[in-house]
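Student: Could you work out the structure for the sequence below:
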Amino acid sequence: MKRKNLGFTLIELLVVISVIGLLAALIMVNFNAARERARDVQRKSDMDQIKKALRMYYNDKNLYPETNGSRICGCDDPCTTFEWGTTAFACGGMTYMKILPQDPNYKAAGDVNYSYNQSDSGQSFCLWTTLENKSDGDIAKSKTRCSGCSVGVSDYVVCAD
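Tutor: Presented below is the predicted three-dimensional model:
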């Protein structure tokens, strides 16, 4: 009498489930890395936009805004502190940015956000953020351009030209 196989053995099922699990893990690692790179691109774009707004401020006032902690502070006396992600960067009737951006991964107070520091008595500034991709080639290039800024190992820096 001939026996018919009507299903898979336990070993066959375990092998298939293991292969599917391995493939899913590889896909998730690549997906998370792509999300990190996308956030880094957003950070670099934000830094460029903030730099342009700071340059417009400099053109109007002949100095860059002051520093309050790691935030931008300017316009009047006492100094108005502009909060990342919540306030406009505006003085008098001039709006330099409708909303100062904040780090795309920022969740709550105390998290990493963008940092700003005025230097050379208002004639220069350093603006920096930490990138998630520690091997990003722009990190080293940005530090070469902004040699006067003392920042962390994986920080991307923007400074006054």
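
Student: Could you export the lowest-mean-pLDDT helix or strand in the chain as PDB, CA atoms only?
Tutor: Ranked by mean pLDDT, DSSP states H and E, the helix or strand of the chain with the weakest confidence is helix 137-145, at a mean of 83. The C-alpha coordinates for helix 137-145 follow below in PDB (Å, rounded to 0.1, in the frame of the first residue of the first chain):
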ATOM      1  CA  GLY A 137      31.200  62.300   4.500                       C
ATOM      2  CA  ASP A 138      29.700  65.700   5.000                       C
ATOM      3  CA  ILE A 139      30.600  65.600   8.700                       C
ATOM      4  CA  ALA A 140      34.300  65.900   8.000                       C
ATOM      5  CA  LYS A 141      33.800  68.500   5.200                       C
ATOM      6  CA  SER A 142      31.700  70.700   7.400                       C
ATOM      7  CA  LYS A 143      34.300  70.700  10.200                       C
ATOM      8  CA  THR A 144      37.000  71.700   7.700                       C
ATOM      9  CA  ARG A 145      34.900  74.700   6.600                       C
END
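
Student: roughly how far is that helix from the heart of the chain?
Tutor: 15 Å (CA atoms, centre = their mean, to the nearest Å).

Student: Just list what the following helix or strand past that helix packs against, helices and strands only.
Tutor: For helix 137-145, the following helix or strand on the C-terminal side (DSSP states H and E) is strand 155-159. For strand 155-159, the elements it packs on are helix 10-61, strand 124-130, helix 137-145, judged by 3 or more CB pairs under 8 Å, 6 or more residues apart in numbering; DSSP states H and E. Backbone N, C-alpha and C define where each C-beta goes, glycine included.
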